[in-house]
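Asks: Provided below for reference: sequence and predicted model.
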Amino acid sequence: MPAYSLGIDIGGTFTDIVAYDHASGRSLTHKELTTPDDPAKGVISGIVRLFDREGLAYRDVSRVVHATTLFANALIERKGAATGLITTEGFRDVLEIGRERKYELYDIFIEMPKPLVRRGLRMEVAERMAPDGTPEIPLDETGLVRQAQALVDAGVVSVAVMFLHAYANPAHERAAQAILRERFPDLFVSISSEIAPEIREFERASTTVANAYIKPIADRYLDNLGREIAALGIGAPLFMMLSNGGLTHVREAKRTPIQLLESGPAAGALAGAFFGDRSAAKSVLAFDMGGTTAKLSVVDDGEPLIGYSFEAAREKRFIEGSGLPINISTIELIEIGAGGGSIAHLDSLGLLKVGPQSAGSQPGPACYGRGGSEPTVTDANLLLGYLNPDFFAGGTIAISAEAASGAMQKIGAATDMSPVGVAWGIHNVVNESMASAARVHIAERGKDPRRYALLTTGGGGPLHGCEVARKLGIKRIVCPPGAGVASALGLLVAPARVDRVSTIAAPLATMDWPAFEAAYATLEADALSVIRDTGIDPETAEVTRLADLRYIGQGFELVTALPPGPYGPGALAGIMAAFEAAYRAVFSRTPPGSVEVVNIRVSARAPAGGADLQVRAPDGATPADALKTSRPVYFGLAGDFVATPVYDRRLLGAGSDIAGPAVIEEPESTLIVPPDGRLVVENSGNLVVTLG
């Protein structure tokens, strides 16, 4: 009996569906316009269309893996649940005080990120823990119930509990959680010692409140989606992609939905690592451009870089400090306000700008004919000949060059440019915007982009990849099979992964080694229990130990991978050597001084069934077999369109060698090979373009 893995990735414009046949290695794909009012509606519609078109049976699905932008959008758009905060007496304003730091020092009109909980819904109760976890003031249980009742009376449906130093001793938070669940069974409760059990009150409060803010939405959405998938006749388990690039089961996702914020981009980074490895490219810049945004992540030695905090819902998208700090494990990436739906406009100086505003899926670009009238990147690409109006999204969406041309008229009239001239300007500006953001992101990590290959995914990545690579000085571009839905395919190669953290705050020189080892053992047991609950044998898991280390007196830490345990006094030299090597890699030298551990971390990873993913190019087919037609394409060469051959990617055989210019079409995306590019089809199915 055939067995299919089903990947579902909800983006801002499109919902991507991939069914992978484990027996034949075929990937069957579909793109459906996202339905923002009810994302599950687009998911179910896409699944039904794909299965009907391909004649698949729902009972043959062996597992379902899902990523979504729903929860990130709820934070950005402030459309979460009515949320309250209960905190230690005297600390209700920590969300607004923050770090007392302005992200733009001289801006007298600066807008700081607005708290998710207004002041009237932030309540205090008497209780106190010392920094070492010693109880100083007992929890006022009567006051707790009184304050919770006031929140419920005000319409609050979800509450965050954040008590001082609960990372050192969670007893008061756990007692509060038990009381609230008993007295208010319909109230969603998030406690900081479960969501972000680490030092620093502001970041811990921000993360816990954000979890509470989206928890009712996640609970309702995941229950609804599970029911609707089951109603189709799919009995397979549903897994959720986490921001750290791992999978988990639905119960864990509902408990801490904050871990899902960057699930879609994480899947794109995993796809970049997987397909880069199949082209022997261990150093890859995974460039994923969709309908709303573009994302870029750095992959070194076959692994995406992992960070342990990021900012959500920034007031200024590209300025650090202007968002809500979220302490979760996440694949490091930069998000650029440039996608197919990004709207072009003239600024106050008459200069052409593209984004960050997007037409999204409703109404979408002007060429969709759904009410959009502003010029977008997709409209520009259509006018330049990059897109086939009869084959857009595999022919499922009709687009109009006439409507795209009309959208260019306003900018054209103001700049005395033709629609094609405006379109080329939009295409060039958005390429430079993406390259500039990528250049900064890479430089901040001490990397040289020229030693990387650029791996392009998303509906827009292959369209823009060669020109973005050229601006970065990159010569090699890799385009994987099904590039337009690669994030959904990336879901199917993701391992199960659990990250856990705990604060211990102790100098290495005076470390209580038995307690240190016991703390790691506790985290590992917790992580492996989640792996087990995901339906995977924990014996297959690989556990990595890390620690947040710093020189005593420093204000911030460096996350360092440590030698394997168990730890005793003899482990000191190995831990110090690991930290000093990591410190030199970032800062070039190590200062004198003693070292302390602030947080300890474990990461447990186990294969989740995607190891057999083997997409390959067909054998024996030649470029002549794949040639569809020829059409005029604009490359900015002396202002003329160039007659360019158009190939069907599905018919390009392994070993095919094509000199540019060329257009390579598949249902989900289109690869543009410039005149100085040369394309080779590898056995893996990857298309590799080398720029002259």
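Replies: Looks like it came in fine. Numbers count the residues shown, from 1 in each chain.
Asks: where do the strands of the stretch 201-350 of the chain begin and end?
Replies: Applying DSSP state E, counting those that start in this stretch to the stretch 201-350 of the chain gives strands spanning 238-241, 247-249, 284-289, 294-300, 303-304, 306-307, 310-312, 324-326, 330-331, 334-336, 342-346.
Asks: the first one pairs with which strands?
Replies: Strand 238-241 pairs in its sheet with strand 61-68 (parallel), strand 247-249 (antiparallel), by DSSP bridges.
Asks: what does it rub up against?
Replies: Counting by Cβ atoms under 8 Å, 6 or more residues apart in numbering, the neighbours of strand 238-241 from elsewhere in the structure are 63-67, 222, 225-226, 229, 247-250, 252-253, 260, 263-264, 266-267, 491, 494, 496, 534, 608. Heads up, the C-betas are built off the backbone N, CA and C, glycines and all.
Asks: of the strands of the stretch 201-350 of the chain, which is nearest residue 656?
Replies: strand 284-289 (22.5 Å; Cβ to Cβ).
Asks: what's the closest one packed up against?
Replies: Contacting strand 284-289 under the criterion 3 or more Cβ pairs under 8 Å, 6 or more residues apart in numbering; DSSP states H and E are the following elements: helix 263-278, strand 294-300, helix 419-443, strand 453-457, helix 461-472.
Asks: now with 7 Å?
Replies: Using 3 or more Cβ pairs under 7 Å, 6 or more residues apart in numbering; DSSP states H and E as the contact criterion, the secondary-structure elements in contact with strand 284-289 are helix 263-278, strand 294-300, strand 453-457, helix 461-472.
Asks: let me know the outermost residue of this structure.
Replies: For the chain, the residue at maximal distance from the C-alpha centroid (Cα atoms, centre = their mean) is residue 142, at 42.1 Å.
Asks: using the three-state scheme, assign that one.
Replies: With DSSP: H, G, I helix; E, B strand; the rest coil as the basis, the three-state label of residue 142 is helix.
Asks: what does the model give it for pLDDT?
Replies: We note a pLDDT of 96 for residue 142 in this prediction.
Asks: wait, doesn't residue 367 sit right on residue 377?
Replies: No. At 10.8 Å, residue 367 does not count as touching residue 377 under the criterion of Cβ atoms under 7 Å.
Asks: center of the chain, which residue is that?
Replies: Closest residue to the average C-alpha location of the chain: residue 265 at 2.6 Å, with Cα atoms, centre = their mean.
Asks: tell me the pLDDT at that residue?
Replies: pLDDT, read off for residue 265, is 82.
Asks: so what's it closest to, chain neighbours aside?
Replies: Taking Cβ to Cβ, 6 or more residues apart in numbering as the measure, residue 265 lies nearest to residue 295, with 4.6 Å between them; neighbours along the chain are not counted.
Asks: count the residues that sit near the one you found.
Replies: Residues within reach of residue 295, counting by other Cβ atoms under 10 Å, total 27.
Asks: which intervals of the stretch 251-400 of the chain have sub-threshold pLDDT?
Replies: Across the stretch 251-400 of the chain, residues meeting the criterion (pLDDT under 70) sit at 317-318, 337, 361, 393-396.
Asks: on that earlier part again, figure out which of the strands of the stretch 201-350 of the chain is closest to residue 206.
Replies: For residue 206, the closest of the strands of the stretch 201-350 of the chain is strand 324-326, at 5.0 Å, according to Cβ to Cβ.
Asks: the strand or helix carrying residue 559 pairs with which strands?
Replies: Under the criterion DSSP states H and E, the helix or strand holding residue 559 is strand 558-561. Strand partners for strand 558-561, identified by DSSP bridges, are recorded as strand 542-551 (antiparallel).
Asks: ok so, going back, with distance to residue 147 added, can I get the strands of the stretch 201-350 of the chain in TSV?
Replies: Putting these into TSV (distance: least, Cβ to Cβ, whole Å) gives the following:
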stretch	distance to residue 147
strand 238-241	33
strand 247-249	32
strand 284-289	44
strand 294-300	41
strand 303-304	42
strand 306-307	35
strand 310-312	27
strand 324-326	24
strand 330-331	33
strand 334-336	37
strand 342-346	45
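Asks: longest helix of this structure?
Replies: helix 201-231 (DSSP state H).
Asks: and that one, how far from the chain's centre?
Replies: Taking Cα atoms, centre = their mean, to the nearest Å, one finds the center of helix 201-231 at 16 Å from the center of the full chain.
Asks: with stretch 311-324 instead?
Replies: So, by Cα atoms, centre = their mean, the centroid of stretch 311-324 is 16 Å from its chain's centroid.
Asks: list the contacts of that stretch.
Replies: Contacting residues not belonging to stretch 311-324 are listed as 72, 75-76, 101, 103-104, 111, 113, 206, 210, 261, 325-326, 337, 356, 437 [Cβ atoms under 7 Å, 6 or more residues apart in numbering].
Asks: nearest to residue 180, of the residues you listed?
Replies: The shortest separation between residue 180 and any of the contacts of stretch 311-324 is 18.7 Å, and it belongs to residue 210 (by Cβ to Cβ).
Asks: find the residue closest to that closest one in space, skipping its chain neighbours.
Replies: Nearest residue to residue 210, sequence neighbours excluded (Cβ to Cβ, 6+ apart): residue 258, at 5.5 Å.
Asks: surely that neighbour meets residue 212?
Replies: No. In this structure, residue 258 is not within contact of residue 212 by Cβ under 7 Å, at 9.0 Å.
Asks: do I have it right that residue 285 meets residue 456?
Replies: No. In this structure, residue 285 is not within contact of residue 456 by Cβ under 7 Å, at 9.5 Å.
Asks: neighbour-wise, which of the two wins?
Replies: Comparing residue 285 with residue 456 by other Cβ under 10 Å, the one with more neighbours is residue 456, at 30 against 25.
Asks: check which helix or strand covers the nearest residue to residue 66 once chain neighbours are set aside.
Replies: In this structure, residue 66 finds its nearest non-sequential neighbour in residue 8, 4.6 Å apart by Cβ to Cβ, 6+ apart. Taking DSSP H and E as the definition, residue 8 sits inside strand 4-10.
Asks: past that strand, which element shows up next along the chain?
Replies: Tracing the chain past strand 4-10, the next element assigned as helix or strand by DSSP H and E is strand 14-21.
Asks: how far does that following strand sit from its chain's centre?
Replies: Relative to where its chain is centred, strand 14-21 has its mean C-alpha point 17 Å off (Cα atoms, centre = their mean).
Asks: what pairs with that strand, parallel or antiparallel?
Replies: According to DSSP bridges, strand 14-21 forms sheet pairs with strand 4-10 (antiparallel), strand 27-33 (antiparallel).
Asks: buried ones in the next helix or strand after the last one?
Replies: Okay, so that is strand 27-33. Remark: after strand 27-33, the chain's next helix or strand is helix 39-54, criterion DSSP H and E. Buried residues in helix 39-54, counting neighbours by 16 or more other Cβ atoms under 10 Å, are found at 39-47, 50-51.
Asks: now swap in stretch 164-173 and tell me
Replies: Counting neighbours by 16+ other Cβ under 10 Å, stretch 164-173 gives 164-170, 172-173 as buried.
Asks: please consider this matter closed, and thank you.
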